[in-house]
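1. compute the structure for the input listed below.
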Amino acid sequence: MTVVSLPTTLAPSRSMAIAVVGGLACALAIGKALPVTMDTISGALAPLCATAAESSPLDKVEPIDSYALPNVPGKRVTIVRVFYGPGGFSRPHRHAGSVTAYITKGEIRSQLGGGPVETFGVGQSFFEPPGSTHLVSANASTTEPAELIAVFVADEGAQLTTLLE
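-> Residues are numbered from 1 along each chain as shown. Alright, predicted model coming up:
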């Protein structure tokens, strides 16, 4: 195993951002090496995109891509962009598998069940373990839009987002 030391001048949040971007690059490289049909991608993303219709017209989920993981049979990585308009939010929900979110615009408020409400800005990320209850997912601003990139690693064919009552 190779251990890479980062310069001490890098802040932990920047190191995390570098790791997330590196993971995305690897996932995209693996996916480009595999033939994937649009039917497969659409089928994997449909459950996630269906939940976007239940929010404000300014809040939306945009599928980026989805790839089977050849070294982890039965698992798939799916990448989406989540847009929140000013004051936008998602209802409490749960995701299949693991999710890493990377903030690309504005600030996002987030709270996982049992944890504190946290605010993440551009360049920061957060992780949701499998089965977590995401109680708060919202734009921290009532005047500016916000967005994030979410990377899911879940079972093939899983419903990626389940809204909670």
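2. when you work out contacts or count neighbours from here on, use the C-alpha atoms and nothing else.
-> Noted.
3. can you give me the helices in this protein?
-> 12-32, 38-52 (DSSP state H).
4. now stretch 103-111 - C-alpha only, PDB.
-> C-alpha atoms of stretch 103-111 as PDB (Å, rounded to 0.1, in the frame of the first residue of the first chain):
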ATOM      1  CA  ILE A 103     -20.600  21.700  -2.800                       C
ATOM      2  CA  THR A 104     -20.000  23.500  -6.100                       C
ATOM      3  CA  LYS A 105     -22.100  26.700  -5.500                       C
ATOM      4  CA  GLY A 106     -23.400  28.600  -2.500                       C
ATOM      5  CA  GLU A 107     -23.900  26.900   0.900                       C
ATOM      6  CA  ILE A 108     -25.800  23.800   1.900                       C
ATOM      7  CA  ARG A 109     -27.300  23.000   5.300                       C
ATOM      8  CA  SER A 110     -27.300  19.300   6.200                       C
ATOM      9  CA  GLN A 111     -28.300  17.200   9.100                       C
END
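5. residues contacting residue 86?
-> Contacts for residue 86 (C-alpha atoms under 8 Å, 6 or more residues apart in numbering) come out as 58, 139, 141-146.
6. my bad, should have said residue 131
-> 94-97.
7. from residue 66, how far out is it?
-> 20 Å (C-alpha to C-alpha, to the nearest Å).
8. returning to that earlier point: now neighbour count too, for the contacts of residue 131, in TSV please.
-> TSV is the format used below for these (neighbours: other C-alpha atoms under 10 Å):
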residue	neighbour count
94	20
95	23
96	18
97	21
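9. of all those residues, which comes closest to residue 77?
-> residue 97 (9.7 Å; C-alpha to C-alpha).
10. for the closest one, give its distance to residue 88.
-> Distance, residue 97 to residue 88, using C-alpha to C-alpha: 24 Å.
11. again, but for residue 131
-> Residue 131 sits 24 Å away from residue 88, going by C-alpha to C-alpha.
12. ditto for residue 120
-> Distance, residue 120 to residue 88, by C-alpha to C-alpha: 15 Å.
13. kindly state the beta-bridge partners for residue 66.
-> Beta-bridge pairing of residue 66, defined through DSSP bridges, involves residue 78.
14. wouldn't it be in contact with residue 79 here?
-> Yes: contact criterion C-alpha atoms under 8 Å: residue 66 and residue 79 qualify, at 6.2 Å.
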